[in-house]
Each structure stands twice: as C-alpha cells, then as structure tokens.
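**Student:** Let me see the structure of the following:
(chains A and B)
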Protein chains: 2
Amino acid sequence: MLVSSLLAKKRDGHPLTAEEIRFLVEGFCAGRVADYQMSALAMAICVRGMDARETATLTRAMWKSGISLPRPAADRATGEPPGADGVLRVDKHSTGGLGDKISLVLAPLLAACGGHVPMISGRGLGLTGGTLDKLESIPGFRTNLTQAELNDALRQAGVFIAGATEQIAPADRQLYALRDVTGTVESIPLITASILSKKLAANLDALVIDVKTGGGAFMKTENEATDLAESLVRVGCQCGLPTRAVLSDMDQPLGQAVGNAIEVNEAIEVLRGGLGVTRELTIELGAELLMTTGQCSTRREAQRRLAEAIDDGSAMERFERMVRAQGGALSFPIELAAATVVEAPTSGQIAACDCQAIGEAIVEMGGGRKRKEDSIDHSVGIRVHGRIGERIEKGQPMLTIHCPKARVADYLGPLRQAIRLSQEPVDCRPLVLKKIPSTS
Amino acid sequence: MLVSSLLAKKRDGHPLTAEEIRFLVEGFCAGRVADYQMSALAMAICVRGMDARETATLTRAMWKSGISLPRPAADRATGEPPGADGVLRVDKHSTGGLGDKISLVLAPLLAACGGHVPMISGRGLGLTGGTLDKLESIPGFRTNLTQAELNDALRQAGVFIAGATEQIAPADRQLYALRDVTGTVESIPLITASILSKKLAANLDALVIDVKTGGGAFMKTENEATDLAESLVRVGCQCGLPTRAVLSDMDQPLGQAVGNAIEVNEAIEVLRGGLGVTRELTIELGAELLMTTGQCSTRREAQRRLAEAIDDGSAMERFERMVRAQGGALSFPIELAAATVVEAPTSGQIAACDCQAIGEAIVEMGGGRKRKEDSIDHSVGIRVHGRIGERIEKGQPMLTIHCPKARVADYLGPLRQAIRLSQEPVDCRPLVLKKIPSTS
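**Tutor:** Reported below is the predicted structural model:
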C-alpha cells in the first residue's frame, strides 16, 4: 500500500478500509509513516470526516498501539463476564469545561460504591483546567505513576487519577502532539479515537462521558456536542465497552470555584456533604455507571446509593486513601493566594457569565498554561458567587479573586465585566441537557 | 501569527490573507513552519481550494523565495518595456503527456525566430516522460547547469533546456517533494503556483502553456483541463507575465514515438522538416507566443514565420548550438534497443489507444522511473504507427517495440491490447481543443 494513495483517497472523501487504517496507524508508530504524512491525513479527516466504521477501526488501532491495563483475576478479553474478578471497573471522562472538578469527587465515590476506578487523566488545555494540575495542588501528590504503581494504587485505594504511561495508546500521544500544531484538533472522529483509545486500554466494564456544551466548553452548540456524544457512545459500544454519555451545561463554571487548589477545596467540601451543582452532576454521572454495570436497576436506587456513600463519609475516606497512595499529604483547606472581593455594582439577576474572560484571567494569573512547558501557580483562583438566574443585591460579594495583591488590579476590570446582571427575569437552562444511552 | 490557527482557517474553508500566505511560505523556507504543518496546509488547500487572489499570492510568494534570472541589458522589473534589451524572452510549459516532445522542437525554433528561451524543465513523473530525461539520451548532454552556465548557454545558443537550480523557487522544490508523498499533488491552486513560480523566475516576456487532456494526461476531462488552464492564464497575467494557454488532445501519444532517445529522434525529424502532429502543435504553440510578444500581428503570419524557420534549417541549427552549449555530442539517429514489430491482427480503423498501458510498458522496460532514485534506460521505446481514425490493414506494422529481445515477450500481450481496431467509422477529436487568451 502506498501512503500517498491512501491520503489521496481520504482527500477525495472516500472511506478507508480497516486494513488501510491499521496500515497507517501501525506505520506511524513504527516510523514508516512520517509526521508530515500523518498530519496531512489528520487534515483530510478533519475536512472529509470518517464514518462510524472507520472511526471505530481508527480507535481500535490506536488502542492496540499500546498495552491494556491488566485485571487481577479474570480479564474481559478471556470471555469471562464483566466483574468476574469480583470488582467492576468503571470510569468517567469529561470533554472539559471551566471549574469541572467532578472527577475529584466521582472517582473516589465510585470506589466507595465497590468499583475500581483506574482514571487516566490529562493536563489543562487552553482555558479549561486539567484534573492532574488540580490534584498537584496537594503537596506531594504524584500523577506520573509507573505501571506497577498504578496497580498498587488501585489495590490500596480502589482508585487512582494519573497521567497515561508511555505504554498506553502511544499512537494517540504522537498523533495528538501533531494535531495540536497543525490545526487538526477539531474533528469528531479524531476526538472520539483519542478519548476512547485510552479508556479502552484501561480495560473497563462501563464508561460514562460528560460532554460539555456552552461558552465555557470546546463544543459551543448543543448540536455539535450531541454529534460528539453519539460518536463516543457508538464507537465505545462497538469496541466492546458499554458507554453512555450525558450532555451538560457549560454556559457558566461548574460550581463556584475555578482554578486549581480552590477546586480541590470545593471538591473536598462536596465529598464532606456540601450541596450544589457539583454534587448534583456527580451523582447523575455516577448513576449512569451503576445502571450500566447492573449494580443498580433504577436511577433512583443508584442516586440513593451514591448520596449515601458521600453522606456516610466513605467517599471522602477513599479520596484520602487515593491521596496517600499517590504520595500526597492532605491538609484542608489548601492555602490560596490573597482574596480580593468584587461586589455587585447593582442589584439584579445574574444573566450571563463570560467563561472565556474568567478562563483567560486564570491563565494570565498563572493558573493555566500558555505554552506546554509553563509551570502552574496552584494558589490562584476565582470564586463565582451565584449562578445564572439567581438574584444578587448591590454590595454583596459577586466574585472572590485569589491572586497576589500586587497583580490583582490587572484583572479587576475584565472580571467585573464577566458577570452581567439584569433587571428582567432570567431563563436558565438545566444542568443536564440530554442523556445518550448505550447502543447495543 | 499562529501556524495552527492559519491551518484551521483554511481547513474551515476561509481564504487566507496575503500576509498569512507570505508568513507560511517564508516560514517554510526558513524552517519555522515544519514539514508536517506544510503538508497539512497542502491537504487543506487540496480539499478547500484557494480563490484567484490567494493563488496569485501563493505563486508570488513561491517565486520570491528564490532569485530571478537576470536580463543582460534592461530588466522588466525596472519598468522598461518588454524586450528593451533587444531580445524577447519567451517560454512554453506543458502539463505533461505521453510522447510530448514539443519542447525539443519549439525551444530552438523560438530562438531561431529571434527570441531567448530560458527553459527550466523537469524529470519524468508517473507515466509521462520528462524533457530532461529525453535530452540526456544525447551523449554528454548536461541538464544540471550552474547559474553562470545557464547564462552562457543563453548567450551562445539563445536557448537552454535545463533543470531548476537551487536558487530558483526553492519553496516550490521543497513543497513539491512533500506533495508527492502526501497525496496532495492534484490541486489546481498548488499546480498553478508550482508551474508559474519557476516561469516567473525566468523573467519572461511571454509564456504559453500546453494543457493536455485525455487518457494520457494528468487532467482526464476537458472541464478539469479548462479550469487549470484558466487558473494558469489568470494568475500568470496577474503576476505581470503575459500568459496564454492551449488545450490539446492526449487521448493518444503526441506523434509516433514514446520513450527517450526515440523521441529525440522524432524531434530531430521534425526539426529537419518532417510533417505530422508534432510539427502542427509546435507551430500552434509558437504562434501564440509570437502574437503575445507582438512579433507577429496575425496567427497566419506567425505560423508562416515559424514554418520557414524550420524549413530553412535555422531551427535545427539552434538545436545543434544548444546541444553543444550543454556539452552534448549529437549523432543522428541515436541508437535504440532492438526492434520488434507488432502487426495489425485484422484490418480496421484505429479506434482507441490505451495511453496508460503504453506508459506503463515504457516504465516497466526501464524507460521511466518507479522511484525517484531509479536510473533510466534511454534506448527503450515504442513507435505507434497510425493515429485514431486512420485505417490500418491486417499484417501492417501497428507498433514497433524497442526493447532487448530477451524481455520483449513480457510486454507483447498488454501492448497488443493497447490498440483497439474497429470496423465502424471512428470519430477523432481535433489536436487543439481550445485556446485561452491572456487576461488583461
């Protein structure tokens, strides 16, 4: 097979066969397909797309470019029924949004419900923070575990949250680095293969994907988000991993805290029984998993079980075990940079929240990266007091900015503009917009 | 400017500004834009296209990546009228077809008519032969001349046919190497920029482009060929080079000979006054140039002047001067491999000629390249006796195959199939299908 002919085939909008896709992905890993050929293919896929069959083949080829996490007793590949080793392995993935600290709560919560949660997570990208960056706010917490350390953490805590090792989906790591610099990130087949190749390598029994949509998310419209969610569910299920998706709102940050240490603090508040949208969405996503694995037969039962595991302290106990297993020393709350309160300039309903402006301010303060090699200041952050549709009175705290006093003045102007108040009643869309069930 | 954002812009079908295009081309030459980024851009251009303005900017940026051939007295860039140095500089380019030896005749013929012809030419690509490969059938003939040698040849013979030096449009050379291996050759804007960047560097007063269409050409349909011809004429004229195009038939080889030495022999026959389609098309294309430069005011006058310069021996004299200036030692005819005659199996009209089969046979015999680094056997070739629509009697020579006897049997089967005879009257389309005048 001639690489240039395969690229020309996709360029002209024709589907590639399974053999052709495997030839390209394996060749890329082996160095027979050059970077400049793979980037041209990524561009052709961005513009021409891939059908469901092609996307599944691409996902599988990227998954099989590396190892799968072993399972202690029985393995799904052996044909044993899920959980034949006595423990169900589950995970959640989010497409990323401002203030999204769900993983920090949900991963230990699922472990507390008896599952194993081998969560491979990522760094912050653009304006949305990364779970690994947030966790590194905890002194000593390590996210770059070896394969042996991952297995140990899973045994000790029933959960880990760590970065992908070199052995997991290396084709994805190489391709992602290329896509990032060639304008080929925005493609549903490529995003689907990138997310699922890593999740398939984790050898799961069930996966739920939180697809964010709105001003603070990658997918700005509900239509785009639905397309991505359906692709993820279809391909996940086709590859043998029961997958569901939830579309959730990202027109405002999830919860109040945006940053790194400040989000860990909020996650711990939720693990200690704090109420609000973070708890609400955590339980919604967890319930999808408990129903997928058959641990609960109704949503109501699943929600009750999850709520109990928070309220009786067992989820928090799992979180502490995970932190210890990954080398962290937890003291609550983690210290933040000095606080500056921005008061509401007038009374009114919160009508809009400019996620872009808040995300940019966090990055500018040092809480996110402009370049891959930048280090992160975990202590900066922003608390948004109140959600869209809620009323706020003149002079009440509207935002609390955690940032060294000497620099905070630079951000006050844009951040004041980020919250729009209105005298009219305000419509607010629900937190969960849509649920995409597994396909058989 | 961020390279990935520019690639994403073209990916989404938006036009790039002149500044953006220059940034990419200059960055590519300087190594700031990586191969994998340029190949992704080429793929995006293949699928999304470029408008006339973008194509002209790309052409100009690629041209300006290198030097322009100097002109002895006055330079077009100085604002002097064309030919202010007393000599008009003209050239022809062909998009390539089977048996196309026009350059070998037309270049010296134009020199004989008083022009200077600094012809930068290429190697064979795929099934179509390259003018440089053909000329290298002449013992000693050198096509890799230095800048100084090119100038000397032009002074001595009024014409050279040579490869591009490192200094001529380096952006094109680099980009072409990438396109060749990334399935991004077939794109009208990219082809336009590639052809014209080199021709603009030659500092010409007029250019005619022979766009081939049919089974033996790159552009299979007349519509595709017309689109390319119009793009070439429009962009050439926009860049200040008066350009015309002629669409000519390539449903069968041009003339009888296909190969390397065998085509040089046929070209010399034409330069010595031989009749046929090669002479006919040479004069058509030359007339376009003499009218563009204003050397002749009517097509009839131009045709007469060109025919005279062949018939009085002055074109052949220029050819001999060129061969000497480029180090060649001409003896006519150049020796060919042993001849095997294929006779017509039945009487009938020639109805079709499979250019693909003939081209493949030449490559297989060693007369073309499968890989860039392959060397060429100049002595192999095929003569096709008769053109579509002509009658041939059973037992008359239909093809003569020049190929070592030990190997010729391999090609007899497919080549016999390449000529289809019919008992019905056969329609034959004209040699010149369309003429595209200069735009002002």
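**Student:** By proximity to chain B, which residue of the stretch 51-200 of chain A wins?
**Tutor:** A:G183 (3.2 Å; CB to the nearest CB). In short, each C-beta sits where N, CA and C put it, glycine included.
**Student:** Hmm, that residue is touching B:A8, no?
**Tutor:** Yes: contact criterion CB atoms under 8 Å: A:G183 and B:A8 qualify, at 3.4 Å.
**Student:** neighbour count winner among the two?
**Tutor:** Counted by other CB atoms under 10 Å in any protein chain shown, A:G183 and B:A8 do not tie: A:G183 has more neighbours, with 26 against 20.
**Student:** Would you mind giving me the confidence score for A:S375?
**Tutor:** pLDDT, A:S375: 89.
**Student:** To clarify, my last question referred to A:G348.
**Tutor:** For A:G348, pLDDT reads 96.
**Student:** OK, contacts around it?
**Tutor:** A:R391, A:I392, A:L421, A:S422, A:Q423 (CB atoms under 8 Å, 6 or more residues apart in numbering or on different chains).
**Student:** Name the nearest of those residues relative to A:A361.
**Tutor:** Checking the contacts of A:G348 against A:A361 with CB to CB, the nearest one is A:L421 at 18.7 Å.
**Student:** List the buried residues for the helix or strand the closest one falls within?
**Tutor:** A:L421 is part of strand A:419-422 when elements are defined by DSSP states H and E. For strand A:419-422, burial by neighbour count (16 or more other CB atoms under 10 Å in any protein chain shown) applies to A:I419, A:L421.
**Student:** Let me see the backbone angles for A:K435.
**Tutor:** In terms of degrees, to the nearest 10, the main-chain angles of A:K435 are phi -120, psi 130.
**Student:** now it, which residues is it bridged with?
**Tutor:** Beta-bridge pairing of A:K435 under DSSP bridges involves A:V246.
**Student:** wait, it sits on A:A245?
**Tutor:** Yes: with contact defined as CB under 8 Å, A:K435 and A:A245 form a contacting pair (7.4 Å).
**Student:** For those two, indicate the residue with more neighbours.
**Tutor:** A:A245 (29 against 15).
**Student:** Could you report the distance from the more buried one to A:S297?
**Tutor:** According to CB to CB, to the nearest Å, A:A245 stands 21 Å off from A:S297.
**Student:** Over to A:S194?
**Tutor:** A:S194 sits at a distance of 33 Å from A:S297 (criterion: CB to CB).
**Student:** Looking at the two, which one has more neighbours?
**Tutor:** Neighbours around A:S194 and A:S297, counted as other CB under 10 Å, are more numerous at A:S194. The numbers are 21 against 10.
**Student:** which residues touch the residue sitting nearest the centre point of chain A?
**Tutor:** By CA atoms, centre = their mean, chain A has its centre lying nearest to A:S94, at 2.9 Å. For A:S94, the contacting residues are A:D100, A:I102, A:S103, A:I209, A:D210, A:K212, by CB under 8 Å, 6+ apart.
**Student:** and the host helix or strand of A:I362, what does it pack onto?
**Tutor:** Using DSSP H and E, A:I362 sits within helix A:355-365. Under the contact definition 3 or more CB pairs under 8 Å, 6 or more residues apart in numbering or on different chains; DSSP states H and E, helix A:355-365 sits against strand A:257-259, strand A:381-384, helix A:405-418.
**Student:** I'd like the ones you listed laid out as a markdown table, including mean neighbour count.
**Tutor:** Output for the helices and strands packed on helix A:355-365, formatted as a markdown table (neighbours: other CB atoms under 10 Å in any protein chain shown):
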| stretch | mean neighbour count |
| --- | --- |
| strand A:257-259 | 30 |
| strand A:381-384 | 26 |
| helix A:405-418 | 15 |
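**Student:** Which secondary structure elements does the helix or strand containing A:G27 sit against?
**Tutor:** If you go by DSSP H and E, A:G27 is part of helix A:18-30. Where contact means 3+ CB pairs under 8 Å, 6+ apart, helix A:18-30 is packed against helix A:3-11, helix A:35-48, helix A:52-63, helix A:170-181.
**Student:** make it 7 Å
**Tutor:** Secondary-structure packing of helix A:18-30 (3 or more CB pairs under 7 Å, 6 or more residues apart in numbering or on different chains; DSSP states H and E): helix A:52-63, helix A:170-181.
**Student:** Determine how far the helix or strand that the last one is followed by lies from the middle of the whole chain.
**Tutor:** Beyond helix A:170-181 in the direction of the C-terminus, DSSP H and E gives the next helix or strand as helix A:188-201. Centre-to-centre, helix A:188-201 and its host chain are 13 Å apart (CA atoms, centre = their mean, to the nearest Å).
**Student:** CA atoms of the helix or strand following helix A:188-201 as PDB?
**Tutor:** Per DSSP H and E, the first helix or strand lying C-terminal to helix A:188-201 is strand A:206-213. Taking C-alpha atoms only, strand A:206-213 is exported to PDB below (Å, rounded to 0.1, in the frame of the first residue of the first chain):
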ATOM      1  CA  ALA A 206     -18.500   0.700  31.900                       C
ATOM      2  CA  LEU A 207     -17.700   4.300  30.900                       C
ATOM      3  CA  VAL A 208     -19.800   7.500  31.100                       C
ATOM      4  CA  ILE A 209     -18.800  10.600  29.200                       C
ATOM      5  CA  ASP A 210     -19.700  14.100  30.300                       C
ATOM      6  CA  VAL A 211     -19.900  16.100  27.100                       C
ATOM      7  CA  LYS A 212     -19.900  19.800  28.000                       C
ATOM      8  CA  THR A 213     -21.600  22.400  25.800                       C
END
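**Student:** For strand A:206-213, name the packing helices and strands.
**Tutor:** Looks like strand A:206-213 contacts strand A:90-94, helix A:222-238, strand A:243-249, helix A:277-293 (3+ CB pairs under 7 Å, 6+ apart).
**Student:** quick one: average pLDDT of the third one?
**Tutor:** Read that as strand A:243-249. pLDDT averaged over strand A:243-249 gives 98.
**Student:** contacting residues for A:G216?
**Tutor:** Counting by CB atoms under 7 Å, 6 or more residues apart in numbering or on different chains, A:G216 makes contact with A:G97, A:L98, A:M250, A:D251, A:Q252, A:P253, A:C355, A:G359.
**Student:** Residues of chain A that sit close to chain B?
**Tutor:** Residues of chain A lying close to chain B by CB under 7 Å from any CB of the partner chain are A:3-5, A:7-8, A:11, A:35-37, A:39-40, A:42-44, A:46-48, A:178, A:181-184.
**Student:** one more time with 6 Å, if that's ok
**Tutor:** For chain A, the contact set with chain B under CB under 6 Å from any CB of the partner chain comprises A:4, A:7-8, A:11, A:35-37, A:39-40, A:43-44, A:46-47, A:178, A:181-183.
**Student:** in chain A, what spans have low per-residue confidence?
**Tutor:** Applying pLDDT under 70 to chain A picks out residues A:72-85, A:125-126, A:440.
**Student:** Looking only at stretch A:25-37, what residues are buried by neighbour count?
**Tutor:** Under 16+ other CB under 10 Å, the buried positions of stretch A:25-37 are A:V25, A:G27, A:F28, A:C29, A:V33, A:A34, A:D35, A:Y36, A:Q37.
**Student:** What segments of the stretch 251-400 of chain A are helices?
**Tutor:** A:261-271, A:277-293, A:299-311, A:314-325, A:355-365 (DSSP state H, counting those that start in this stretch).
**Student:** could those helices go into a markdown table alongside mean neighbour count?
**Tutor:** As requested, those are exported to a markdown table (neighbours: other CB under 10 Å):
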| stretch | mean neighbour count |
| --- | --- |
| helix A:261-271 | 25 |
| helix A:277-293 | 24 |
| helix A:299-311 | 17 |
| helix A:314-325 | 21 |
| helix A:355-365 | 22 |
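**Student:** Looking at those, spot the one closest to A:L110.
**Tutor:** Nearest to A:L110, of those and by CB to CB, is helix A:277-293 at 6.0 Å.
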